[in-house]
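>>> Structure for the following, please:
(2 chains)
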Amino acid sequence: MDADRTTGTRHRWRAYHALALLPTLGMLGGLPLANRVYPLVFGLPFLMAWLVGWVVATSAIMALILRLDRARGIAE
Amino acid sequence: MNISLAILGLFFTIAIALGLLAKRGHTMTLEQWSVGGRGFGSLFVFLLMAGEIYTTFTFLGGSGWAYGKGAPALYILCYLTLAYSLSYFLLPAIWRYARGRHLVSQADFFIAKYDSAALGLLVAFVGVAALVPYLVLQLKGLGIIVSEASYGAISPGTAMWCGTAALMFYVVVSGVRGSAWTATLKDAMILVIVVVMGIWLPFHYHGGYGAMFTAIETAKPGFLTLPATGMSPSWFISTVLLTSVGVYTWPQFFAGVYTARSENVFRKNAVVLPLYQLVVLFVFFTGFAATLAVPGLTGADADLSLFRLAKASFAPWAVGMIGAAGLLTALVPGSMLLITAATMLAKNVFRAMAPRSSDRTVGIVARAMVPVLALCALYLALHGGQAIVALLLMGYNVVTQLFPALVLSFGDRPRISAAAALAGIVAGECTVAAVSLSGTSIASLAPSLPQVVKDLNIGIVALAVNCAVIALVMIAVPRRTPAHAA
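Numbers count the residues shown, from 1 in each chain, chains lettered A, B, ... in the order given. From the prediction side, this is the model:
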């Protein structure tokens, strides 16, 4: 506990960390609407393409958070 | 001797050699053996963290689900992705706490956070109870893979014996360093093989993805979407949420986290791993290609679809390569599971009973537990009947019960007492056991509820009981002020 304090690396929550909730909300929240085969996207059924799209978006969102954290010295 | 058998033998030998070479230049203290002396760089940590993506479960089960169930298989892609977004915040916090305290196991973490040996003992038992069936699953998968890829030249039983012997040998010698070295070979092979299969097969049989999925939708309408009942969107969402929080309550992941040299690797992993695990998609493509090309496999046989299609499509040497990759998907996670379970039995169970034993003794006990655990798992893999299947299905729900106590432990001090954490875990585990063994579902508990509620994953009930008991204990038994407030 004290070690956390003295190292000065304890996690500090910032408003933009809430972006990390987007993948969960988007991927799963939109699921009932995306549950269809057509139109195919790049040859994939629409549902599969929807989920793959969110996987890629998750990576982008986490990259953005890392960038913002680095700019503020929260992450190296 | 056929060519695929020779290839299997070659890669098996390379894996053992890598596993043994990994020890060179390191004295195997417990901290070195269990968590690599906390000195692993980005690549090793990445590979250990990515290990969850390609176990035999995803290799055989992922293609098997796509083949037998269709769209519900996609949940695998989703829960891993959401687990990585959570990992960005969770893993650095775990790592920071563990580093200065020389923690080597998940139970250590709970003992230190809650200042409770009893809680540590409980967490160790829960962990081992979940790890052993998981190890059994890896051995069973190994048996299937080797016997299929060798065209029946080696029986599943013989393959399991050889695999277990190799595992015991390099795990005892090299510990988690052996896992990391073999993981590099495993990931390199699996990437190439899965992508080649996932691209080649749909084009060979259907001329492309669009044509393949159109043909599947025509032949089996509804196969590519979630059904209205059963594995419905409601089932999908609840299962993804439950399993994504469950990922990091697996004890082998704690050990994986401890191996890192710096916390920053976890943040970078959270960016890269979602893309890296998209490779699972190619496993699904293989399963989907098999639905029309090798139809008729039902039940547990659906897990054979990948190999049946491969044997119908490729030359024996290629089947041997696929088998070798599959073999590694059993050995690498298997070695992590063995090390983690052995460490907890030695550090958190043996030492709790013999508190004055030296670090050296605990290290020896840990390595002595490896053959014991491995042979137990082998026995269950060879002779276990339906009980094992039940345990396997429970595994995820069993470890997920640690999640409330884990999350509530962060901050300057835990937000709940050790007694509340303990009571919550016990209540949660009892609920998991009761509903799993009796085959209860929400639909059977309350048939009058709307379908959306009936299709929810039953694991949510156990987690709710767990949290309710924590709340009750916190209200009924006020916490002592901590004696070590200074």
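>>> Quick one: name the residues of the stretch 351-486 of chain B near chain A.
B:D412, B:R413 (Cβ under 8 Å from any Cβ of the partner chain). For glycine as for every other residue, the C-beta is placed from the backbone atoms N, C-alpha and C.
>>> how many neighbours does the residue of the stretch 351-486 of chain B found nearest chain A have?
Per Cβ to the nearest Cβ, B:D412 is where the stretch 351-486 of chain B lies closest to chain A, at 5.4 Å. B:D412 has 10 neighbouring residues, counting by other Cβ atoms under 10 Å in any protein chain shown.
>>> Am I right that it is in a helix?
No. If the criterion is DSSP: H, G, I helix; E, B strand; the rest coil, then B:D412 is coil and not within a helix.
>>> how many neighbours does the closest residue to chain B within chain A have?
Proximity to chain B, evaluated over chain A using Cβ to the nearest Cβ, is greatest for A:G43 at 3.3 Å. By the measure other Cβ under 10 Å, the count of residues near A:G43 is 15.
>>> Can you pull the phi/psi pair for it?
Note on A:G43: its backbone torsions stand at phi 80, psi -10 [degrees, to the nearest 10].
>>> Hmm, it is touching B:H206, no?
No. Assessed by Cβ atoms under 8 Å, A:G43 is found out of contact with B:H206, at 10.1 Å.
>>> Residues that sit against both of those two, list them.
B:M212 (Cβ atoms under 8 Å, 6 or more residues apart in numbering or on different chains).
>>> Which other helices and strands does the top helix by length along chain A contact?
Scanning chain A for the longest helix, with DSSP state H as the assignment, gives helix A:46-71. Contacts defined by 3 or more Cβ pairs under 8 Å, 6 or more residues apart in numbering or on different chains; DSSP states H and E place helix A:46-71 against helix A:22-29, helix A:31-34, helix B:75-99, helix B:264-276, helix B:280-293.
>>> Low-confidence stretches in the stretch 201-350 of chain B?
Counting by pLDDT under 70, the stretch 201-350 of chain B contains no low-confidence residues.
>>> Alongside chain A, which residues does it contribute?
So far as Cβ under 8 Å from any Cβ goes, the stretch 201-350 of chain B lies against chain A at B:208-214, B:217, B:224-226, B:233, B:236-237, B:240-241, B:262-264, B:267-268, B:270-272, B:274-275, B:277-278, B:281, B:284.
>>> Skipping adjacent residues, who's closest to the residue nearest the centre of chain A in space?
Closest to where the C-alpha atoms of chain A average out (Cα atoms, centre = their mean) is A:T58, at 3.7 Å. Distance criterion Cβ to Cβ, 6 or more residues apart in numbering or on different chains; nearest residue to A:T58, sequence neighbours excluded, is A:P23 at 4.1 Å.
>>> That neighbour contacts A:V56, correct?
No. With contact defined as Cβ under 8 Å, A:P23 does not reach A:V56; the gap is 10.3 Å.
>>> Which one of these two is surrounded by more residues?
A:P23 (25 against 13).
>>> which ones are touching the residue nearest to A:T58?
Here A:P23 is in contact with A:W54, A:A57, A:T58, A:I61, B:T81, B:L82, B:S85 (Cβ under 8 Å, 6+ apart).
>>> what would these look like in JSON lines with pLDDT?
Below are the contacts of A:P23 laid out as JSON lines (pLDDT from 0 to 100):
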{"residue": "A:W54", "pLDDT": "95"}
{"residue": "A:A57", "pLDDT": "96"}
{"residue": "A:T58", "pLDDT": "95"}
{"residue": "A:I61", "pLDDT": "96"}
{"residue": "B:T81", "pLDDT": "93"}
{"residue": "B:L82", "pLDDT": "94"}
{"residue": "B:S85", "pLDDT": "93"}
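>>> What about those residues, which one has the most neighbours?
Neighbour max across these (other Cβ under 10 Å) = B:T81, 28 neighbours.
>>> Okay, that one and chain A: tell me how far apart.
5 Å (Cβ to the nearest Cβ, to the nearest Å).
>>> go on, B:M231?
Distance from B:M231 to chain A, by Cβ to the nearest Cβ: 11 Å.
>>> Can you classify the nearest residue to A:F46 once chain neighbours are set aside as helix, strand or coil?
Distances taken as Cβ to Cβ, 6+ apart put A:R36 closest to A:F46, at 4.9 Å, once the chain neighbours are dropped. Three-state call for A:R36 (three-state DSSP): coil.
>>> Can you verify my assumption that A:R36 contacts B:T225?
Yes. If you go by Cβ under 8 Å, A:R36 and B:T225 touch, sitting 6.1 Å apart.
>>> Tell me which of the two has more neighbours.
B:T225 (20 against 13).
>>> Which helix or strand contains B:H26?
Secondary structure assignment for B:H26, by DSSP states H and E: no helix or strand.
>>> Let me see the confidence value for the closest residue to it other than its chain neighbours.
In space, and not counting its chain neighbours, B:H26 is closest to B:Q32: 5.6 Å by Cβ to Cβ, 6+ apart. On the pLDDT scale, B:Q32 is placed at 85.
>>> Give me the below-cutoff pLDDT ranges for chain A.
Those would be A:1-11, if you go by pLDDT under 70 across chain A.
>>> what pLDDT, on average, does the longest helix anywhere in chain B get?
The residue-count maximum for a helix in chain B (DSSP H) belongs to helix B:117-149. Helix B:117-149 shows a mean pLDDT of 90.
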